[in-house]
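Student: Quick check, what structure comes out for this input:
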Amino acid sequence: MKNKIKTRKSALKRFKLTKNGKVLHRSQMLRHLRSKKNKSHIRQLKRMKLVKGKNRIKIMKMLGKA
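Tutor: Residues are numbered from 1 along each chain as shown. Here you go, the predicted structure:
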């Protein structure tokens, strides 16, 4: 009998997995010092970004989906 893979709760809080298997993460540079940033830039940073490459595979393993 195989052991169950536990999901890492820290990864679960930080990443979102889409129906098609894409991994999304929140943008950085949005916490403080926002007054000097453009409003359009802030709007752009609010969108979720796609995780690419080897990191995507590592995160999928952390979430217990690979």
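Student: Count the neighbours of residue 13 for me.
Tutor: 8 (other CB atoms under 10 Å). Just so you know, the C-beta spots here come from the backbone N, C-alpha and C atoms, and that holds for glycine as well.
Student: swap that for residue 24, sorry
Tutor: Neighbour tally, residue 24, other CB under 10 Å: 14.
Student: partners of it in the sheet?
Tutor: Beta-bridge partners of residue 24, counted by DSSP bridges, are residue 16, residue 50.
Student: Surely it touches residue 47?
Tutor: No - between residue 24 and residue 47 there is no contact under CB atoms under 8 Å: 9.2 Å.
Student: I'd like the distance between the nearest residue to residue 44 once chain neighbours are set aside and residue 35.
Tutor: Distances taken as CB to CB, 6 or more residues apart in numbering place residue 27 nearest to residue 44, at 7.9 Å, with adjacent residues excluded. To residue 35, residue 27 is 17 Å away according to CB to CB, to the nearest Å.
Student: What confidence value was assigned to the most centrally placed residue in the chain?
Tutor: A centroid search over the chain (CA atoms, centre = their mean) returns residue 25, at 2.2 Å, as the residue closest to the centre. pLDDT for residue 25: 97.
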